[in-house]
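**Student:** pasting the sequence and the predicted model now:
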Amino acid sequence: MCGLGIYAYLQQEVANRALIGSYPLEFREGLPEKFLLWGMGLSPLTPLPVQANYLNSIWAGTLAMFFFSLTLFSLGEAFGGWLAMFGFSIGVVSTISSWMTYKKNCKHKVASGDQEEP
């Protein structure tokens with residue numbers, strides 16, 4: 001569970017730093033920087049490798065929430081376990097929606113003939 005949480009955090013940081021580096025200097029400081037990935041992470045304008053890192057962070061975080069829920073259940077914390085399971089359910093819906101958006105963006109890039117930079 002901790003490994004998945006760390007993996008999710010690292011994937012999110014990689015995507016966030018790559019996305020921030022592609023924007024003008026006025027977006028690199030302050031409040032917009034903190035929320036830029038969540039707003040632009042799966043935008044068609046975002047490079048596909050950044051989208052892939054962002055998607056990896058979403059599914060890893062969702063899976064970590066599932067294992068956290070199981071841990072709470074095994075410790076006898078039923079309320080916390082159900083609360084975490086509810087968070088996991090929301091994460092599953094978000095992950096599926098994000099995956100569908102990512103696949104649509106991949107098809108759009110292939111159909112338009114855009115080339116990704118290495």
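**Tutor:** Yep, it's here.

**Student:** dihedrals phi and psi, Phe66?
**Tutor:** Main-chain torsions, Phe66, degrees, to the nearest 10: phi -60, psi -50.

**Student:** which residues sit in contact with it?
**Tutor:** 85, 88 (CB atoms under 8 Å, 6 or more residues apart in numbering). C-betas here are computed from N, CA, C, even on glycine.

**Student:** in which helix or strand does the residue of the chain most remote from its centre reside?
**Tutor:** Most distant residue from the mean C-alpha position of the chain: Gly76, 30.1 Å away (CA atoms, centre = their mean). Gly76 belongs to no helix or strand when assigned by DSSP states H and E.

**Student:** for the longest helix anywhere in the chain, buried residues please.
**Tutor:** Using DSSP state H to define each element, the chain has its longest helix at helix 78-112. Neighbour counts using 16 or more other CB atoms under 10 Å place 81, 84-85, 87-88, 91, 95, 98, 101-102, 105, 109 of helix 78-112 among the buried residues.

**Student:** got it, and stretch 43-55?
**Tutor:** For stretch 43-55, by 16+ other CB under 10 Å, it's 46-47, 50-51, 53-55.

**Student:** cross those residues against helices and list the overlap.
**Tutor:** Checking the buried residues of stretch 43-55 against DSSP H, those in helices are 50-51, 53-55.

**Student:** so where's this structure uncertain?
**Tutor:** Along the chain, segments meeting pLDDT under 70 span 1, 22-38, 109-118.

**Student:** apply 80 and report the result again.
**Tutor:** Along the chain, the model assigns pLDDT under 80 to residues 1-5, 7-42, 46, 108-118.

**Student:** now for the buried residues of stretch 43-55, which pair is the farthest apart?
**Tutor:** Greatest spatial distance among these (CB to CB): Pro47 and Leu55, at 12.8 Å.

**Student:** how about the residue farthest from the centre of the chain, phi and psi?
**Tutor:** Main-chain torsions, Gly76, degrees, to the nearest 10: phi 90, psi 10.

**Student:** that one and Phe67, how far apart?
**Tutor:** Noted for Gly76: a distance of 17 Å to Phe67, by CB to CB, to the nearest Å.

**Student:** done for today, thanks.
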